[in-house]
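A.B. asks: model this:
(one chain, ligands or ions: 1)
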Amino acid sequence: MASGEVTNGGPPAAQPADDVATARRRMGEEQLVARGIKDPRVLEAMGALPRHHFVDPALLARAYGDHALPTAEGQTISQPYIVARMLELAALEAHHRVLEVGTGTGYQAALLARPVEHVFSIERLPRLMSGARSRLDALGIRNVTLRLGDGSLGWREFAPYDRVLVAAAAPRVPDALREQLGERGLLVIPVGGSQYQHLEVWSRSADGQWGHQRYGECRFVPLVGEDAWRREPGET
Ligand code: SAH
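C.D. replies: Numbers count the residues shown, from 1 in each chain. Next comes the predicted model:
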């Protein structure tokens, strides 16, 4: 394989370490920096974390491609640019305690874990949760606490959070997530219908006032829960 090229197919063993490093660097330059991602903490984390550890071995050659990829249980690992955009909009700082809803593979949780103090992440599907746990353990990431549950209700035990990031499409902002956001907190969430959504950032000022801004279009799998979609599309 030519240096730096990511081809389709081929067994995992055909992807030597310097090829994935090159693919990761190109992902940073061509998908993130070229599209306006500037936050050095985001670029550092995405440049360092091996995304290929989070995808199905059969899709390894596409791990750094400009797209979402399917994961277990019909879910997805988001496109690198969308992950970067969410992390940048979250304006992360070292002392932050962050709630993530939708652990999935654990990729975004692992990225969040680099610049912030602690990540609390909730996933509703047991198989995904245990996969994420093994990947985070294998990478020696210790400042992420995972829980199985319905993230549309938040995670009251450790609230308030400095940042809340929702990695699944919500029909509206769940009340519990607003309640569990601390003063000067930011909540980043894709809001819209089942086909497409817009990334929204909700902010809570020190005097309790709310503001919100709407950003570009995106496409996430649904947030399924008590204060979200009540079932997956096609489920009866
Ligand atoms: N952040 C993930 C991608 C998330 S895909 C990654 O980096 O890989 C969205 C995830 O949200 C799916 O795994 C889905 O099972 C989960 N999800 C959907 N509704 C949820 C809910 N109410 N609570 C917690 N997780 C939920």
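A.B. asks: For G151, give me the pLDDT.
C.D. replies: Listed pLDDT for G151 reads 98.
A.B. asks: List phi and psi for it.
C.D. replies: Note on G151: backbone dihedrals following degrees, to the nearest 10 are phi -70, psi -10.
A.B. asks: For the remainder of this discussion, apply numbering that starts at 595.
C.D. replies: New numbering, starting at 595: the last item is G745.
A.B. asks: Excluding sequence neighbours, find me the nearest residue to it.
C.D. replies: V695 (3.2 Å; C-beta to C-beta, 6 or more residues apart in numbering). For the C-beta atoms, the positions are set from N, CA and C on the backbone; glycine is no exception.
A.B. asks: Same question for R635.
C.D. replies: Of all residues not flanking R635 in the chain, P709 sits nearest, at 4.2 Å (C-beta to C-beta, 6+ apart).
A.B. asks: just L747 next, same as before
C.D. replies: Skipping the residues right next to it in sequence, L747 comes nearest to A770 by C-beta to C-beta, 6+ apart, at 4.8 Å.
A.B. asks: Am I right that the one you found sits in a helix?
C.D. replies: Yes: secondary structure of A770, determined by DSSP: H, G, I helix; E, B strand; the rest coil: located in a helix.
A.B. asks: What is the lowest-mean-pLDDT helix or strand in the chain packed up against?
C.D. replies: Taking mean pLDDT, DSSP states H and E as the measure, the helices and strands of the chain show their lowest mean at helix 611-620, namely a mean of 92. Packing contacts for helix 611-620, counted by 3 or more C-beta pairs under 8 Å, 6 or more residues apart in numbering; DSSP states H and E, involve helix 634-642.
A.B. asks: No more questions from me, cheers.
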